[in-house]
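Engineer: no sequence for this one, just the structure:
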Ligand code: PAF
């Protein structure tokens with residue numbers, strides 16, 4: 001595995017593989033966990049050369065969010081990425097990604113109006129900008145994103161379509177701890193009590209899924225059920241519970257086709273997201 005820190009070297013090294021080899025890409029913000037390793041595994045199974053980037057992108061964090069608390073450990077990440085078989089690890093410093101005078105942004109409109117787009121203003125503009133930059137540097141044939149951040153994956157899918165960026169976006173299933181909590185770098189910042197409370201999020205989503213299977217299609221009732229179950233634990237505060245369609249990510253009143261039930265919860269300084277996709 002080769003570690004590269006400059007844009008020039010990253011683009012140059014990959015030129016040697018094009019056009020014969022398929023380049024798979026997994027963008028991350030580091031503190032690698034089983035979820036990232038699964039994304040890498042998916043990328044490896046679909047490509048010949050895999051690149052994993054690690055960059056804690058400041059532009060996707062709002063004022064007062066956890067940019068400075070976001071866990072970082074380059075040596076550990078390096079070891080895990082190597083063990084998982086990445087061919088290249090791209091670790092650009094801020095000066096490479098946002099040099100002085102930087103002033104260009106990419107944003108996706110409708111799909112970012114609700115869910116995390118509403119509760120974290122500016123977040124998706126930062127994500128779509130950095131992902132566009134990374135796509136321009138790596139020029140992958142495919143990129144893999146996790147379903148845990150389903151809105152992010154769908155926004156990026158829309159972005160590459162709208163901007164004619166020639167990359168296939170693959171959404172891989174959420175990886176969960178044994179108790180159902182979605183694996184996330186942010187789980188590291190949970191206190192033992194918060195960690196014990198957190199599995200309630202997925203339990204509430206499972207209850208919701210069961211209720212949909214039993215014929216409940218009313219989003220207000222479904223959202224209340226999820227909300228009530230989570231807020232039963234005083235350590236968990238709801239940021240949002242929403243039920244949206246998968247094409248436009250607009251809130252639904254009734255479920256009549258496939259839908260995303262998405263939840264964001266705050267506990268102390270940590271914000272956790274999770275979701276299920278229902279297909280009826
Ligand atoms: O999902 C993430 O880790 C980040 O949002 C991403 C896609 C690496 C962009 O910074």
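Structural biologist: Ah, there it is. This is a predicted model, so every value here is computed, not measured.

Engineer: if you tally nearby residues, what's the number for the closest residue to residue 92 other than its chain neighbours?
Structural biologist: Leaving out its chain neighbours, the residue that sits closest to residue 92 by CB to CB, 6 or more residues apart in numbering is residue 55, at 5.7 Å. (Glycine included, C-beta is placed from N, CA and C.) By other CB atoms under 10 Å, 19 other residues sit near residue 55.

Engineer: what's near enough to touch residue 55?
Structural biologist: 27, 29-30, 90-92, 97, 130, 134 (CB atoms under 8 Å, 6 or more residues apart in numbering).

Engineer: quick one: which of those residues is the most crowded by neighbours?
Structural biologist: residue 90 (26 neighbours).

Engineer: just the helices from the chain, written as ranges.
Structural biologist: 7-15, 34-46, 74-83, 94-97, 116-119, 123-138, 150-162, 192-197, 200-213, 219-231 (DSSP state H).

Engineer: neighbours around the residue of the stretch 151-280 of the chain found nearest the ligand, how many?
Structural biologist: Closest contact between the stretch 151-280 of the chain and the ligand, by CB to the nearest ligand atom, is at residue 152 (5.8 Å). If you count neighbours by other CB under 10 Å, residue 152 ends up with 25.

Engineer: so which residues on the stretch 51-200 of the chain come close to the ligand?
Structural biologist: Residues of the stretch 51-200 of the chain found near the ligand (CB under 6 Å from any ligand atom) are 57, 60, 127, 130-131, 149, 152.

Engineer: related to what we said a few turns ago, can I get the helices of the chain in TSV including distance to residue 261 and mean pLDDT?
Structural biologist: Listed next are the helices of the chain as TSV, based on distance: least, CB to CB, whole Å; pLDDT from 0 to 100:
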stretch	distance to residue 261	mean pLDDT
helix 7-15	38	97
helix 34-46	20	98
helix 74-83	31	96
helix 94-97	34	98
helix 116-119	14	98
helix 123-138	20	98
helix 150-162	10	98
helix 192-197	20	98
helix 200-213	6	98
helix 219-231	7	98
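
Engineer: now for these, which one comes closest to residue 173?
Structural biologist: Closest approach to residue 173 among the helices of the chain (CB to CB): helix 34-46, 7.9 Å.

Engineer: can you pull the contacts of the residue positioned nearest the centre of the chain?
Structural biologist: For the chain, residue 149 is the residue whose C-alpha lies nearest the centre (CA atoms, centre = their mean; 3.6 Å). Taking CB under 8 Å, 6+ apart as the contact definition, residue 149 lies against 116, 273.

Engineer: could you check how far it is from residue 238?
Structural biologist: 18 Å (CB to CB, to the nearest Å).

Engineer: end-to-end on stretch 247-262?
Structural biologist: 14 Å (CA to CA, to the nearest Å).

Engineer: counting neighbours, which bits of it end up buried?
Structural biologist: 249, 252, 255, 259-262 (16 or more other CB atoms under 10 Å).

Engineer: farthest pair within the residues you listed?
Structural biologist: Every pair of these checked by CB to CB; the farthest is 249 and 255, at 14.3 Å.

Engineer: find the nearest non-adjacent residue to residue 43, please.
Structural biologist: The shortest distance from residue 43 to any non-neighbouring residue, by CB to CB, 6+ apart, is to residue 24 (3.4 Å).

Engineer: export the residues of the stretch 51-200 of the chain next to the ligand as JSON lines, with columns for distance to residue 244.
Structural biologist: Output for those, formatted as JSON lines (distance: CB to CB, whole Å):
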{"residue": "57", "distance to residue 244": "25"}
{"residue": "60", "distance to residue 244": "21"}
{"residue": "127", "distance to residue 244": "18"}
{"residue": "130", "distance to residue 244": "24"}
{"residue": "131", "distance to residue 244": "21"}
{"residue": "149", "distance to residue 244": "14"}
{"residue": "152", "distance to residue 244": "14"}
